[in-house]
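Q: need a 3D model of the sequence below.
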Amino acid sequence: MNQQLLYEIAGHCMLIITPDAEITAGLIPTFRPFRVDSEGVSNILFRFFGNTKISIPVDTPDDVMEVDGFTFCVYHNEGSVTVCIKIKDIEHCFNISKNREIVTSDLTLTQRYESHFLAYFLRAAFGMVSANHRTIKLHASVIEKEGKALVFMGKSGTGKSTHSRLWKEFVPGCTLLNDDEPIVRVLNEGAVRVYGAPWSGSTPCYRNAFAEVSAFVRLYQSPENKLTRLNGINAFASVFQSAAILRSDKENRELTISTVNDILEQVDVYRLDNRPDREAVSLTESLMV
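A: Numbers count the residues shown, from 1 in each chain. So this is what the prediction gives:
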């Protein structure tokens, strides 16, 4: 008899149907802070099933990506999305249904080696399905203080984690919310929140918490510190370029564009040229209102 395992991330619930809930939960330990009681929950983002044969389209993949040593091949077929992930000689796949309510995979959900596959499956499925609910994942580092947050964006190596570390060093009372792919959501009343996630790159920070976004800041290395407010297409590009989306999926891309536009109606975006140092922190500290 199957059991149920429920996780709530950024206010969205995903339900895993598994032969053994505790064994499956043990495969994804970073999700532990997000586990909730499954009794009476109705707002399910998607249901995830294992032990399903996944048919791989014979066509050339629509997208091929390399992430952390894994190869991702993405296929689109009449509205559904199939993703195959391979590391070395091991490959597993999952499929997202056309209505985005069901995710099936060929994982048993009980084998220890499946741990990384399951974590990536859930992470990718969450990003694709939650896009329908004004929710996006960003490549960013987030500092939170007293319920307010700054979202630091930028290309790899521009100092996102460094700037967050400097904030923790120089600003009493602040904490790291996420250091890799936080989740930003536009609520029905228009508020923009950023949430912790079960994934956080090389920094172990898996917080089931949220804060109101005070500003988005795109970082650039520079010999001097300068903070500039961005407008129009520059503001849009700064946020959109940081979005973790499946760019080969037209629907996913268009939903992300819409969400970014909704975000920009509520929250300002800035460019910070920085060294980095205490002065750079002082400039962004002024945005935490």
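Q: make it CA atoms for all contacts and neighbour counts henceforth
A: Will do.
Q: how about residue 170: what's its closest non-neighbour residue?
A: residue 278 (7.1 Å; CA to CA, 6 or more residues apart in numbering).
Q: now the one you found. Its backbone dihedrals?
A: Here is the backbone geometry of residue 278 (degrees, to the nearest 10): phi -60, psi -40.
Q: the stretch 1-150 of the chain: strands as residue ranges?
A: Remark: strands assigned in the stretch 1-150 of the chain by DSSP state E, counting those that start in this stretch are 3-9, 12-18, 35-36, 44-49, 63-67, 70-77, 80-87, 90-96, 102-105, 135-137, 140-145, 148-153.
Q: got a list of contacts for the host helix or strand of residue 237?
A: If you go by DSSP states H and E, residue 237 is part of helix 232-240. By CA atoms under 8 Å, 6 or more residues apart in numbering, the residues outside helix 232-240 that reach it are 153, 216, 218, 256-257, 260-261, 264, 268-270.
Q: I'd say residue 13 and residue 45 touch.
A: Yes - counting by CA atoms under 8 Å, residue 13 does reach residue 45; the two are 5.3 Å apart.
Q: overlap in contacts of these two?
A: Counting by CA under 8 Å, 6+ apart, nothing touches both residue 13 and residue 45.
Q: the top strand by length along the chain packs against which elements?
A: As assigned by DSSP state E, the longest strand anywhere in the chain is strand 210-221. With contacts taken as 3 or more CA pairs under 8 Å, 6 or more residues apart in numbering; DSSP states H and E, strand 210-221 sits against strand 148-153, strand 192-195, strand 268-274.
Q: could I get the CA-only coordinates of the shortest one as CSV?
A: Just to be clear, that refers to strand 192-195. Output of strand 192-195 as CSV, limited to C-alpha atoms (Å, rounded to 0.1, in the frame of the first residue of the first chain):
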residue,chain,number,x,y,z
VAL,A,192,6.4,40.2,-3.5
ARG,A,193,8.0,37.6,-1.2
VAL,A,194,11.2,35.6,-1.3
TYR,A,195,11.3,32.2,0.2
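Q: parallel or antiparallel, which strands does that strand pair with?
A: strand 183-186 (antiparallel), strand 210-221 (antiparallel) (DSSP bridges).
Q: I would like the residues contacting it, please.
A: 9-10, 149, 177-178, 182-187, 208-213, 263, 266-267.
Q: show the buried residues in those residues.
A: Neighbour counting with 16 or more other CA atoms under 10 Å marks 9-10, 149, 177-178, 182-186, 208-213, 263 as buried within these.
Q: ok, residue 270 to residue 210 distance?
A: Residue 270 sits 21 Å away from residue 210, going by CA to CA, to the nearest Å.
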